[in-house]
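A.B. asks: this is a predicted model, with the sequence first.
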Amino acid sequence: MDKGKIIEFLNESRYAAFRFNYEENSGKIQVTDNSGYEINPEYALMIIEGMTKAYVNLSDVKMNNIRIRNAENDLWNYSQLYGPTALETPFRNNLKRNWGFTCGTCGKKVSSKSDNSWWRIYGSGYESNNKYCSEQCIRPVLSEIKEKIKIETYERFGVR
């Protein structure tokens with residue numbers, strides 16, 4: 001493998017996205033860039049050689065490290081984009097009638113008459129009708145949900 005040529009290819013394609021196209025009849029895989037151009041076969045062979053060196057005969061430890069990095073990357077992306085969060089909601093001042101609820105954690109009665117705000121969990125797939133009186137009451141519930149997400153993600157990526 002010509003190290004200089006592969007580094008040149010990698011530098012030139014720094015902003016390119018690649019797509020792998022599978023031809024079912026022949027079993028061939030071809031690679032095109034985000035403009036639809038097929039990559040140079042010389043570069044393709046160098047990439048195959050480099051990827052073979054990187055991925056063939058991985059130890060169990062290295063394989064698990066890859067799984068962990070991928071799971072942690074997924075968790076970071078999930079928490080940044082969709083993860084559940086604690087959301088404080090103020091009671092409206094112009095209510096004709098007061099309303100209230102019982103805290104989902106401590107059982108305290110919360111009312112628009114006596115309290116300024118209430119808390120809820122907000123986020124993709126983890127919304128519920130439970131309401132909470134304070135941040136102290138919602139934090140353990142939120143931590144439990146996040147831990148469950150972490151366990152499920154590690155299982156999905158096959159982390160051992």
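C.D. replies: Received the coordinates, thanks.

A.B. asks: what about the residue of the chain most remote from its centre, distance to Ser112?
C.D. replies: Among residues of the chain, the one most distant from the C-alpha centroid is Lys96; the distance is 42.7 Å, by Cα atoms, centre = their mean. Distance of Lys96 to Ser112, given as Cβ to Cβ, to the nearest Å: 11 Å. Where C-beta positions appear, they are placed from N, C-alpha and C, glycine not excepted.

A.B. asks: ok, Asn64 - contacts?
C.D. replies: If a contact means Cβ atoms under 8 Å, 6 or more residues apart in numbering, then Asn64 has 159-160 as its contacts.

A.B. asks: quickly note the distance from Ile151 to Phe157.
C.D. replies: 11 Å.

A.B. asks: check contacts around the closest residue to Arg156 other than its chain neighbours.
C.D. replies: Once flanking residues are discounted, Arg156 sits nearest to Ala71: 7.5 Å by Cβ to Cβ, 6 or more residues apart in numbering. Contacts for Ala71 were tallied using Cβ under 8 Å, 6+ apart; they are 153-154, 156-157, 159.

A.B. asks: then Ile6?
C.D. replies: Neighbour list for Ile6: 43, 46-47, 50 [criterion: Cβ under 8 Å, 6+ apart].

A.B. asks: CSV for those residues, including secondary structure?
C.D. replies: CSV is the format used below for these (DSSP: H, G, I helix; E, B strand; the rest coil):
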residue, secondary structure
Tyr43, helix
Met46, helix
Ile47, helix
Gly50, helix
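
A.B. asks: would you map the helices across this structure?
C.D. replies: Taking DSSP state H as the test, the helices found in the chain are 3-12, 41-55, 60-81, 135-156.
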